[in-house]
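# Dropping a prediction and its sequence here:
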Amino acid sequence: MAKKLVIKVTAGADAPERCSQAFTVAAVAVASGVEVSLWLTGESSWFALPGRAAEFELPHAAPLPDLLESVLAGGQITLCTQCAARREITEKDVIEGVRIAGAQVFVSEATTDGVQALVY
């Protein structure tokens, strides 16, 4: 098993099952002791803002705010720089603990030995 998971989620409310799967896998990995870096890109970028995860609904899925909290408690959440800029989201807008970083950081994380990268 990889010692670290880098998970990029590109979907938000526009593709709720894919979005939920990414957050679920990230939260389960954190709970299992795996180092997790979850990247919010595309429509999932909105979940970097306070209260936005509470607006997400998907029957028979764990509540997104709970999953987000779990990942934040034991892993790293990053909002894509370009995605944030397109949505006019700044560092002062995001949930405490969420960082904003670009492709070079993603590539560095995803290409490190012992890392498994997943994209949803």
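Nice, I can see it.

# tell me which residues in the longest helix anywhere in the chain are buried?
Longest helix in the chain, counting residues (DSSP state H): helix 16-31. Neighbour-count burial for helix 16-31, counted by 16 or more other C-beta atoms under 10 Å, picks out 16, 19-30. C-beta here means a position set from N, CA and C on the backbone, and glycine is covered the same way.

# low-scoring stretches of this protein, by residue?
The chain contains residues with pLDDT under 70 at 1-2.

# one more time with 90, if that's ok
Counting by pLDDT under 90, the chain contains low-confidence ranges at 1-3.

# What ranges does it have for its helices?
According to DSSP H, the helices that the chain contains are 16-31, 64-74, 81-86, 103-110.

# so which of the ones you listed comes closest to Leu58?
Nearest of the helices of the chain to Leu58, taken as C-beta to C-beta: helix 16-31 at 4.5 Å.

# What lies in contact with that closest one?
Identification of contacts with helix 16-31 by C-beta atoms under 8 Å, 6 or more residues apart in numbering yields 5, 7-13, 36, 38, 43-44, 56-58, 61-62, 64, 66-68, 70-71, 73-75, 118, 120.
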